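Colleague: Fold the stuff below for me.
(one chain, ligands or ions: 1)
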Amino acid sequence: MEFSTLERLEETALELVSPGRGILAADESHGTIGKRFKAVGIESTEETRRDYREMLFTTEGISEVLSGSILFDETIRQDASDGRPLVEVLKEAGVIPGIKVDGGAVAMPLSPDEKVTQGLDRLRERLQEYSDLGARFTKWRAVITIGPDIPTSACVEANAQSLARFAAHSQEAGLVPIVEPEVLIDGEHTIEECYETTLWTLNRTFHHLYEHNVELSGMLLKPNMVISGKDAEEQAPVEEVAAMTVECLLRGVPAAVPGIVFLSGGQSDKQATAHLNAMNRMYEGLPWELSFSYARALQERPMETWAGKSENVEAAQRAFRHRLKMNAAARSGGYSEEMEDESAA
Ligand code: 5MM
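Modeller: A predicted model of the protein is given here:
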């Protein structure tokens, strides 16, 4: 890789994890956004999806707390209601546009309870197009499920290798890859089981990243937190989640990676903030920045408040700004439950 390309990748990666800011994952595919909209009574059409994302992107003052936003293929081609491309709206607001480039996780052949992510075909051409459309970073999500006899080694390897191939393609195109191996919260597993599976997945992912010559200083990692399964009888408290997560990352993520941007993975919005806050409060001098790249934990309240009605835009933007501010505070361990009421008021 040319030195100037690497320098540009490193600069973008560092900007995405700059202090007090984080990333909005707004890259829901049609199926996912349809499900989320339906739950709050919004019909999913090209226009409602555009209006909703425009509402988020035009929230005043977001660049103070938002460094980047991950878009879906449809959104990167859409114009705002005033005719400006949504990508320009983000850029003018001081937010870096990124793009999800995976083709979704599908059932693994002969092991249907596990998933493999597709989308490597024609990736080189697609990345060129996304770069021309204004994207500066990319994202690929792999899904690992904990259950009886799973994950299998075949599943972990296949996903880790695809993540590495994606990351290599992305850097070749001058785009910062966000590598997202998500160990799902679904299930009755203990926090210890989540720790083991997460560490295994991270180790194999970084093994393949190395084999594919990916420059670690020009990428970001988007992992799950180490947490009890959603249906586990015993739920680990905040400090334990924070400690187990950081200890796992210290053993699985090389120091050359500039930042770790967590997914929220089905945690409540306040839980996701509290966990990130505890990690940043409890640990000093970590080799990487600890930040967020949440979808649900940032959007839950604004989406519900908006409900597809233009008269709700201001209130929804207030809810969005509030959640961003809480997570921005968590970047330095300065968040507290009391701030929820103060800021909301
Ligand atoms: C918004 O959800 C993203 C896309 O998922 P689909 O391809 O299934 O529609 C997803 O990649 C997202 O970026 C991460 O999972 C983080 O989202 P959460 O809600 O876990 O913070």
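Colleague: sec struct for the spatially most central residue of the chain, please.
Modeller: By C-alpha atoms, centre = their mean, the chain has its centre lying nearest to Ser293, at 3.6 Å. For Ser293, the secondary structure call by DSSP: H, G, I helix; E, B strand; the rest coil comes out as strand.
Colleague: Is it bridged to anything, and to what?
Modeller: Assessed by DSSP bridges, Ser293 has beta-bridge partners Ile23.
Colleague: which residues does it contact?
Modeller: Going by C-beta atoms under 8 Å, 6 or more residues apart in numbering, Ser293 touches Gly22, Ile23, Leu24, Ala25, Ile70, Ile178, Lys222, Val261, Phe262, Leu263. The way it works is simple: take the backbone N, C-alpha and C, and place the C-beta from them, glycine included.
Colleague: before we move on, which element is the residue of the stretch 51-200 of the chain found nearest the ligand in?
Modeller: At 4.1 Å from the ligand, Arg141 is the closest residue in the stretch 51-200 of the chain, using C-beta to the nearest ligand atom. Element membership of Arg141 [criterion: DSSP states H and E] is strand 137-144.
Colleague: Kindly export that strand (C-alpha atoms) in PDB.
Modeller: Only the C-alpha atoms of strand 137-144 are listed here, as PDB (Å, rounded to 0.1, in the frame of the first residue of the first chain):
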ATOM      1  CA  PHE A 137     -15.400   4.300   5.200                       C
ATOM      2  CA  THR A 138     -17.100   0.900   4.900                       C
ATOM      3  CA  LYS A 139     -18.600  -1.700   7.100                       C
ATOM      4  CA  TRP A 140     -19.100  -5.500   7.000                       C
ATOM      5  CA  ARG A 141     -21.100  -7.500   9.600                       C
ATOM      6  CA  ALA A 142     -20.500 -11.100  10.500                       C
ATOM      7  CA  VAL A 143     -22.900 -12.900  12.900                       C
ATOM      8  CA  ILE A 144     -21.800 -15.600  15.300                       C
END
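Colleague: in the helix or strand just after that strand, what's buried?
Modeller: Later in the chain than strand 137-144, the nearest helix or strand by DSSP H and E is helix 153-172. Applying a neighbour-count criterion of 16 or more other C-beta atoms under 10 Å, one finds 155-156, 158-172 buried in helix 153-172.
Colleague: I'd like to know which elements helix 153-172 is packed against.
Modeller: With contacts defined as 3 or more C-beta pairs under 8 Å, 6 or more residues apart in numbering; DSSP states H and E, helix 153-172 has these neighbours: strand 105-108, strand 111-117, helix 123-132, strand 137-144, strand 176-183, helix 191-211.
Colleague: Please repeat the previous calculation with a cut-off of 6 Å.
Modeller: strand 111-117, helix 123-132, strand 137-144, strand 176-183, helix 191-211 (3 or more C-beta pairs under 6 Å, 6 or more residues apart in numbering; DSSP states H and E).
Colleague: okay, the angle between the last one and strand 137-144?
Modeller: If you take axes from the mean of the first three to the mean of the last three C-alpha atoms, to 10 degrees, helix 191-211 sits at 130 degrees to strand 137-144.
Colleague: Then the shortest one?
Modeller: Here strand 111-117 runs at an angle of 170 degrees relative to strand 137-144 (the same axes, to 10 degrees).
Colleague: Need the contact partners of the helix-or-strand element of the chain with minimal mean pLDDT.
Modeller: Using mean pLDDT, DSSP states H and E, helix 337-344 stands out as the lowest-scoring helix or strand of the chain, at a mean of 83. Residues outside helix 337-344 that contact it (C-beta atoms under 6 Å, 6 or more residues apart in numbering) are His322, Lys325.
Colleague: Understood, closing this out.
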